[in-house]
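Asker: Here is a sequence with its predicted model. Questions after.
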Amino acid sequence: MRMRVAEEARFMSDRVFDVDPYAITTTRLADDQVRLIESMTSIGNAHMGMRGNFEEGYSGDTHRGTYVAGVWFPDKTRVGWWKNGYPEYFGKVVNATNIIAVDVEIDGERVDLFTGEHEDFRLRLDLRNGLLRRSFAYATASARIRLEFERFLSIETPELLFQRVRVTVLAGAPHVRMTPRLDGDVHNIDANYGEQFWSEASRGCAPVPHLSLRTVPNPFGTPQFTVTSGMRATAAGLAPAGVVDEPLQVGEVFATHAEPGATMELVKTTAVVTTRDIDQAQHVDAVDRLLTASASRSFDEHLAAHTALWERRWARAQVVIEGDDEAQQGIQFNLFHLFSTYYGEDERLNVGPKGFTGEKYGGATYWDTEAYLVPLYLALASPEVTRALLAYRHRQLPQAQHNARQQGLAGALYPMVTFNGIECHNEWEITFEEIHRNGAIAHAIHLYTRYTGDRSYLEGEGLEVLVEISRFWADRVHFSRRAGAYMIHGVTGPNEYENNVNNNWYTNYLAAWVLAFTSDTLDDVPADRAAALGVTDDERTQWRAVSANMHLPVDEDLGVNVQHDTFLDKDLRRVDTIPGDQRPLNQNWSWDRILRSCFIKQADVLQGMYLFEEDFSIDQLRRNFAFYEPMTVHESSLSASIHAIVAAAVGERAKAIELYRRTARLDLDNYNNDTEDGLHITSMSGAWLSIVQGFAGMRATDAGLSFAPFCPADWTAYAFTVGYRGRVLAVRVAADRVEFALSGAPLQIFVFGRPHTVDGSLALEIPAVR
């Protein structure tokens, strides 16, 4: 079923960006769309990233943002009524030095697209290599010029940003002045009363213009960070005309009296280092060395080397959709931004919901990583990338134990929001209640083990994590004598449109599974391993008892797992009964009204049935999908993909396709009317999951990979590759045929439940839908 006609027409009429399979392009610049444009044209390289701000500046409504991975600040928690166990601070990513600044003046008038006369605006972000280009014609009282800007963040040398600016005189003979600079006068968009999180540590113009900023002191004992930026600029057609050296600002000035038809070019290279890697005393030497080394190659040569590395990534990860440019643009956009945010090079890092594209959610790590990103990185990158994500959580196990103690509980409670493992979210219904996140950490260990076949992490560091999580669950449950079962009260499930509920089905099921999985793993390792972890026989007996006797609410008449104890007492109705002008609910309804309603923000029961699909029959999946999806408003970016996968599994193909479109184009079409705040990075795996696990039906089971593919009716075909146990498997699905091509040793797979061996290539017919 296609998107409703009216809704589709709205997106088409409101669309800012063109449909281009491998690029974000627009020729429209409206003052009220600049923040959206900045989000959509963000770039990153895992070391740092920035929104698509204009190099020359913009005096209208803008959200200027440059962010450096792992650099953050603990802002004091501010709540009206303090509760024991609250985190002391809310961690937030800090807006760092504006390193892209290149002021352009024509006859003394500063170029500004908000106030100045301009035309022929063109903007293009290449989704294959991250090259951002922008150009426009600009008129002053005495001249007319054309400006062209290019920039990319290198994945060959992640500390480097490359920029090129060209000015061509179209009419007149103006005085042209260009000032590439580093600007430390920056603020977070949510800062109170102009609050700044940086102080200047040092600056200078030799050996290169450089600026060091240090985060201001904090009372919480978390590290202060120093970030140093250094730049080198070269110009053709412009002469040096001075330097900038003032508080929070350094740079160089180039100028000329230009002739009609003349073109001037400036190339700016910027290096950024931090005290996460290099001692502050060595920063200036470090940026100077990076810039000196980079000077041996031109802008175009650096771009070519950078592009070659991107091509290597795409060789392992490219998804091709034939016959639907919108769908192709969606998957390309999402994969590009995921790989720009994280590619596993630094296991101290993780993936924030906004990545390098904004400050919402504090820029910290959520459970999204384990629940939504691990399956993608397992298939599209080397196993070491996922193992780095697992190691991130193991390294923070002591902090997770601290979090549990804050709640008066045993074991480890992994944080909902964190930079360093300490919980830093300050809403009680999240911090205290959304404890299902603990289960996602454990499930990622299981998924890594099943997919790779490598048990070394599970039986080593992973088991330490599992044991502590199990101790938490065993302490958090209580036994109901009346019901004769273990229960978990006072929780928030994945559906954050309900708080403080009892026996959330997903949370209870996940807790029971973790206890059983940990017990099974302990059975498989030598006895001295369990002894070394201090696990007693009494503990293991208790874990088995809790797992086997967990209360899991079910309604036999409806044939559904019940979201929580009182869910069926609500006024149950479909989303299509809500007037269109009241959506999204979180921007139109009071919080009280939302909490009392039956409407579901994102997959809750269905999240659990997706994770543990093998535990349920197709009929059970179908009944639960038919019951819950019509009440789901999909107002979390994480929602559509899970529903798309379950819809495909139960034969609701039209619904699966509709939901793929939503997850793949969530930001491209600004479905939730919030993309101007930044992109939804951690939900971007949803497009890939919908195609590979949804349309292709791929599952990693104990027996191996299995597939149950179909091709959406509007597509000619689609193709993708997955890495699996030292092999690379390419898959192409058309309406009546699926083809496999294998690089590596022969591999047994299952297609529609039947075993087949791929040795080089294999083609099979897809049976017609009855």
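Answerer: Yes, it's here.
Asker: Okay, helices next: where are they in the stretch 451-600 of the chain?
Answerer: Per DSSP state H, counting those that start in this stretch, the stretch 451-600 of the chain carries helices over the ranges 456-457, 463-476, 505-524, 527-532, 537-548, 591-596.
Asker: any idea which of the ones you listed scores lowest on pLDDT?
Answerer: Per-stretch mean pLDDT for the helices of the stretch 451-600 of the chain is lowest at helix 527-532 (a mean of 93).
Asker: What helices and strands are in contact with that helix?
Answerer: With contacts taken as 3 or more Cβ pairs under 8 Å, 6 or more residues apart in numbering; DSSP states H and E, helix 527-532 sits against no other helix or strand. For glycine as for every other residue, the C-beta is placed from the backbone atoms N, C-alpha and C.
Asker: quick one: contacts for Asp569?
Answerer: Taking Cβ atoms under 8 Å, 6 or more residues apart in numbering as the criterion, Asp569 is in contact with no other residue.
Asker: That one and Tyr497: what is the separation?
Answerer: 16 Å (Cβ to Cβ, to the nearest Å).
Asker: What of Ile681?
Answerer: The gap separating Ile681 from Tyr497 is 22 Å, by Cβ to Cβ.
Asker: Give me the more crowded residue out of the two.
Answerer: Between Ile681 and Tyr497, Ile681 has the larger neighbour count (other Cβ atoms under 10 Å), namely 28 against 24.
Asker: so the more buried one touches Asn350, yeah?
Answerer: No - assessed by Cβ atoms under 8 Å, Ile681 is found out of contact with Asn350, at 11.2 Å.
Asker: partner residues bridging the residue nearest to Leu170 when sequence neighbours are not counted?
Answerer: Of all residues not flanking Leu170 in the chain, Arg144 sits nearest, at 4.4 Å (Cβ to Cβ, 6 or more residues apart in numbering). Counting by DSSP bridges, Arg144 forms beta bridges with Ala139, Ala171.
Asker: from memory Arg144 sits against Ala137, does it?
Answerer: Yes - contact criterion Cβ under 8 Å: Arg144 and Ala137 qualify, at 6.5 Å.
Asker: Give me the common contacts of these two.
Answerer: Leu170.
Asker: circling back to that earlier point, make JSON lines from the helices of the stretch 451-600 of the chain and add distance to Pro398 and mean neighbour count to it.
Answerer: Listed next are those as JSON lines, based on distance: least, Cβ to Cβ, whole Å; neighbours: other Cβ atoms under 10 Å:
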{"stretch": "helix 456-457", "distance to Pro398": "18", "mean neighbour count": "16"}
{"stretch": "helix 463-476", "distance to Pro398": "10", "mean neighbour count": "24"}
{"stretch": "helix 505-524", "distance to Pro398": "19", "mean neighbour count": "22"}
{"stretch": "helix 527-532", "distance to Pro398": "17", "mean neighbour count": "12"}
{"stretch": "helix 537-548", "distance to Pro398": "20", "mean neighbour count": "16"}
{"stretch": "helix 591-596", "distance to Pro398": "35", "mean neighbour count": "13"}
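Asker: what about those helices, which gets the closest to Asn420?
Answerer: Proximity to Asn420 (Cβ to Cβ) singles out helix 463-476 among the helices of the stretch 451-600 of the chain, at 16.6 Å.
Asker: one step back: with distance to His175 as extra columns, can I get the helices of the stretch 451-600 of the chain in a markdown table?
Answerer: Compiled in a markdown table, those are given as follows (distance: least, Cβ to Cβ, whole Å):
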| stretch | distance to His175 |
| --- | --- |
| helix 456-457 | 63 |
| helix 463-476 | 64 |
| helix 505-524 | 66 |
| helix 527-532 | 75 |
| helix 537-548 | 77 |
| helix 591-596 | 57 |
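Asker: quick one: which of those is nearest Asn218?
Answerer: When the helices of the stretch 451-600 of the chain are compared by Cβ to Cβ, helix 463-476 sits nearest Asn218, at 28.1 Å.
Asker: What is the neighbour count of Gly204?
Answerer: Counted with other Cβ under 10 Å, Gly204 comes out at 14.
Asker: Oops, could you answer that again for Asp714 instead?
Answerer: Around Asp714 there are 12 residues (other Cβ under 10 Å).
Asker: Ok, the one 10 residues further on next?
Answerer: Other residues near Tyr724 number 21, with proximity taken as other Cβ under 10 Å.
Asker: And the pLDDT at it?
Answerer: 97.
Asker: list the contacts for it?
Answerer: Ala379, Tyr451, Ala700, Leu705, Leu747.
Asker: immediately after the lowest-mean-pLDDT helix or strand in the chain, which helix or strand?
Answerer: Lowest mean confidence among the helices and strands of the chain (mean pLDDT, DSSP states H and E): helix 5-14, at a mean of 45. Counting by DSSP states H and E, the element after helix 5-14 in chain order, helix or strand, is strand 23-26.
Asker: Give me the helices and strands touching that next one, please.
Answerer: Under the contact definition 3+ Cβ pairs under 8 Å, 6+ apart, strand 23-26 sits against strand 117-126.
Asker: So what touches the strand it packs on?
Answerer: If you take Cβ under 8 Å, 6+ apart as the criterion, strand 117-126 is touched by 22-29, 37, 40-41, 43, 52, 113, 131-140, 146.
Asker: Listing partners with orientation, what would you give for it?
Answerer: Using DSSP bridges, strand 117-126 pairs in its sheet with strand 23-26 (antiparallel), strand 132-139 (antiparallel).
Asker: Of all the ones you listed, which one comes closest to Ala545?
Answerer: Closest of the strands paired with strand 117-126 to Ala545 is strand 23-26, at 54.5 Å (criterion: Cβ to Cβ).
Asker: Now the element after that closest one, going C-ward?
Answerer: Moving toward the C-terminus from strand 23-26, the next helix or strand (DSSP H and E) is helix 34-40.
Asker: Show me the contact partners of the helix or strand just after that following helix.
Answerer: Tracing the chain C-terminally past helix 34-40 and defining elements by DSSP H and E, one meets strand 43-44 next. Contacts of strand 43-44 with the rest of the structure, by Cβ under 8 Å, 6+ apart, involve 49-50, 52, 125, 130, 132, 151-153, 337, 340-341, 355-357.
Asker: So for strand 43-44, mean pLDDT?
Answerer: pLDDT averaged over strand 43-44 gives 98.
Asker: Over to stretch 114-125?
Answerer: The pLDDT scores in stretch 114-125 average 97.
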